[in-house]
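J.: everything below, folded, please.
(chains A, B and C)
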Amino acid sequence: MADLSEALRTALRLIAALDPRLIEIVLLSLEVSLLAVAIASLIGFALGGALAVYRFPGRGAAAAIVNALMGLPPVVAGLVVYLLLSNAGPLGVLQLLYTPMAMVIAQTIIVIPIVGALTRQSCEDLHEEYNEQLRSLGASSGAIVATLLWDGRYRLVTAVLAGFGRAIAEVGAVMIVGGNIDHVTRTMTTAIALETSKGNISLALALGIVLLAISFGVSATLMGVRRFAQRLAYA
Amino acid sequence: MTLCRRRTLGIAIAAVLFATAFPCGVRAGERFIIVQSTTSTQNSGLFDHILPIFTKKTGIEVRVVAVGTGQALKNAENGDGDVVLVHSKPDEEKFVADGWGVKRYDVMYNDFVIVGPDSDPAGISGLKDAAEALKTIAEAKAPFASRADDSGTNKAELKLWQDAGIDAKASSGSWYLETGSGMGATLNTAVGKRAYTLTDRGTWLGFANKDDFKILVEGDSKLFNQYGVILVNPAKRPNVKAKEGQAFIDWLTGPDGQAAIASYKIGGQQLFFPNAGPPS
Amino acid sequence: MLDPAVPLDGLKSSRKWRGPLLPLEIQGLTYETRGKRVIRNLSLTVEEPGITVIMGPNGAGKSILLRLMHGLIAPTGGEITWAGRRMSSELARRQAMVFQRPILLRRSAAANIRYALDLRGIDRTGQSTRVVEALKLAGLEQQASTPARVLSGGEQQRLCLVRALSLEPDVLFLDEPTASLDPASTLLIERLLIETQHRGIKIIVVTHDVGQARRLAQDVVFLHHGRVVEHGKATSFFDHPQSEAARAFIAGGLVL
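T.: I've put the predicted structure just below:
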């Protein structure tokens, strides 16, 4: 418990002083996770919407697979990306290993099933309600997907938040593909892992508190945007 | 749909701008090498001390990926590093013999120590023979934490059990705790479980969670820990930056690097002892 | 108001031929779902303009028949033709439907109408007059920017109706449109329907409300067990029903 109060004090001290090393890893964490979530959301929305609307053989299996991949252990995703990007692997020429881009790729893979499955659920519920009317109005399947996505946009915000939560908090994948290199690929989570392994428990906890604060900040911002958009939506 | 299209276009533009401002990990005009090394070396703080000196002299940035010895060598085999710096001579020699490395150079040594709780239930404090100490721990069935992660430290530990004639793995789960983790994590576990463990002096000195643990056994020559550095073979992995990698090795084993290593101290204590000689 | 005889600007969809879609001719129609024959060998001809009411006890297949006529589902056998042309998606675009529960998107009332017009490819300038007129027709000019789902049940259904009308369909289907509405809203909707038929739009309504049928119908189609049991002018149907089932239904009894 002494650790915890010391951790709180350390956290506040680091934030108040705008410690440059702290800022560096916070910015990198945000850049990697936000970019990954943005890309994963675009793909996830399209995937979830298509699964909800289009009818094709194997549709049920595809949906089950996407659901199952929500439980993909991040470290496994990291290993797969490592094998692909390694100099011994097929995409070695891209020289992306141990760079932030590799971390973005790994996190994107982890987040796509989360956004995809939640999008599919949202679109399916709306699909049941809207399908006949939209078909009657002459909407094609593609138009219906776009309509369901936009109409369910608030539920999609939640899906994106879920994806972001997963991305910002994961450490396994970014550790393997990023290498936790100081000033290059060290994020909040890998820094926490490192300080823990050095026995700097208070510092690790302090970083954890900062990470939680950041996560809270992003969620609050997204919820705020949602409320702001709600007011504009009826223009 | 035009409003929707306008919105999507706006989001797409913002995304592209964001992505292009993104750090790709390679700043224009910067030279860097990747060194695969071990967590114990990283955690000791040695790299934070010596690498800036090298970079200032040569302008080459050194990026260290710190993993276990086994993983470092495997990564190097895959060509995911230009230089490998670990402390497990037999594995290093095999690495070169298999053609993955060009030449192995001695760099420095430090030593391992056996740490444990102040209460010392097995009564090993002050013993001069490390294998004897482990034998005593086994007979007392006192808890012992092992890294069990194929690292240099782990291999040294297993060799000591072998010398003591004890099959510790047979007791895995009872008094012999295999953490499968790095040195820091294993130390955390040891302290938490009041268990003995083998650690390199560097990590121990820098470790911040000691509680009431102390160094109980040290000085045995069997606890000698030799570090070696190898350039990954560009003939097998053409992406290796051979020139810069060799420059690093030359500096590390040359007078400047060796002096930098010797000057690294924690609490006034020197951690690593340079001993580069002709390539082995 | 909208006059079907006058060509509209900004209409991107090409109309290959003008004219009403009548007569509607259905021959030997069957529809099976989950092993049940819901529509059995149904034949029907509707030639006259105005409001046709489809009536019958629950489970007679009324809603299914409506959806078959609109092309939302495909029959398992038989044929549906409009003015000699087989039912197709092209023909479906010349029709519109209002459902029992109003289905509106999470946007303003005006935006819901614009959404439908967007689907028809009508550009923004062409849309604004239609939207304004549609809202006026529904008595919802003040609620143009109100979120559609916040409107009352009656207002929502009126909105659905004018949305359908803004597409200038040749045929308008309604499936129990006032089943869940209060009498005042019901009255408004019925008035709108009577007005609409005077513009030359063919209206086919499914209702189980005998009173409503009496108020609206030009002719009545009585369905029982997936077949047309009676079809005739409204006056003759209500005064002299031919079948036992129709008699019982009009009298308000349970028809098995």
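J.: how close does the closest residue to chain A within the stretch 151-256 of chain C sit to residue C:94?
T.: Nearest residue of the stretch 151-256 of chain C to chain A (Cβ to the nearest Cβ) works out as residue C:167 at 7.5 Å. Bear in mind the C-beta positions are built from the backbone N, C-alpha and C, glycine included. As judged by Cβ to Cβ, to the nearest Å, residue C:167 and residue C:94 stand 9 Å apart.
J.: the residue in chain A that chain C sits nearest to: what's it in contact with?
T.: Per Cβ to the nearest Cβ, residue A:133 is where chain A lies closest to chain C, at 3.9 Å. Neighbour list for residue A:133: C:97, C:99, C:103 [criterion: Cβ atoms under 8 Å, 6 or more residues apart in numbering or on different chains].
J.: which of those residues lies closest to residue A:120?
T.: Nearest to residue A:120, judged by Cβ to Cβ, of the contacts of residue A:133 is residue C:103 at 20.8 Å.
J.: in the helix or strand harbouring the residue of chain A closest to chain C, what counts as buried?
T.: Using DSSP states H and E, residue A:133 falls within helix A:100-137. Of all the residues in helix A:100-137, those buried under the rule 16 or more other Cβ atoms under 10 Å in any protein chain shown are A:100-124, A:126-127, A:130-137.
J.: same check, this time on stretch B:93-112
T.: B:95-96, B:100-102, B:104-108, B:110-112.
J.: up against chain A, what does the stretch 151-280 of chain B have?
T.: B:181-185, B:187-188, B:203, B:206-210, B:237, B:239 (Cβ under 8 Å from any Cβ of the partner chain).
J.: and the furthest pair within the residues you listed?
T.: Spatially, the most separated pair among those is B:210 and B:239, at 42.1 Å (Cβ to Cβ).
J.: how near is the residue lying farthest from the centre of chain A to residue B:62?
T.: In chain A, residue A:136 marks the outermost C-alpha relative to the chain mean, sitting 37.0 Å out by Cα atoms, centre = their mean. If you measure residue A:136 against residue B:62 using Cβ to Cβ, the figure is 67 Å.
J.: hang on, the earlier thing: pick the one among the buried residues of stretch B:93-112 closest to chain C.
T.: Chain C lies nearest to residue B:100 out of the buried residues of stretch B:93-112, by Cβ to the nearest Cβ, at 60.7 Å.
J.: pretty sure residue B:64 is in a strand, no?
T.: Yes. Per DSSP: H, G, I helix; E, B strand; the rest coil, residue B:64 lies within a strand segment.
J.: residues contacting it?
T.: A:181, A:182, B:34, B:35, B:37, B:42, B:47, B:51.
J.: just the buried residues out of these, in PyMOL syntax.
T.: Buried residues within the contacts of residue B:64, by 16+ other Cβ under 10 Å, are selected in PyMOL with:
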select buried, (chain A and resi 181+182) or (chain B and resi 34+35+37+42+47+51)
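J.: that older thread, can you redo the contacts of residue A:133 as TSV with pLDDT, distance to chain B and neighbour count?
T.: As requested, these are exported to TSV (pLDDT from 0 to 100; distance: Cβ to the nearest Cβ, whole Å; neighbours: other Cβ atoms under 10 Å in any protein chain shown):
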residue	pLDDT	distance to chain B	neighbour count
C:97	97	21	26
C:99	96	23	20
C:103	95	19	20
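J.: ok, and the closest non-adjacent residue to residue 123?
T.: Chain wasn't specified; assuming chain A. Spatial nearest neighbour of residue A:123, excluding adjacent residues (Cβ to Cβ, 6 or more residues apart in numbering or on different chains): residue A:52 at 3.5 Å.
J.: wrong chain, I was asking about chain B
T.: Using Cβ to Cβ, 6+ apart, the closest residue to residue B:123 is residue B:136 (6.9 Å).
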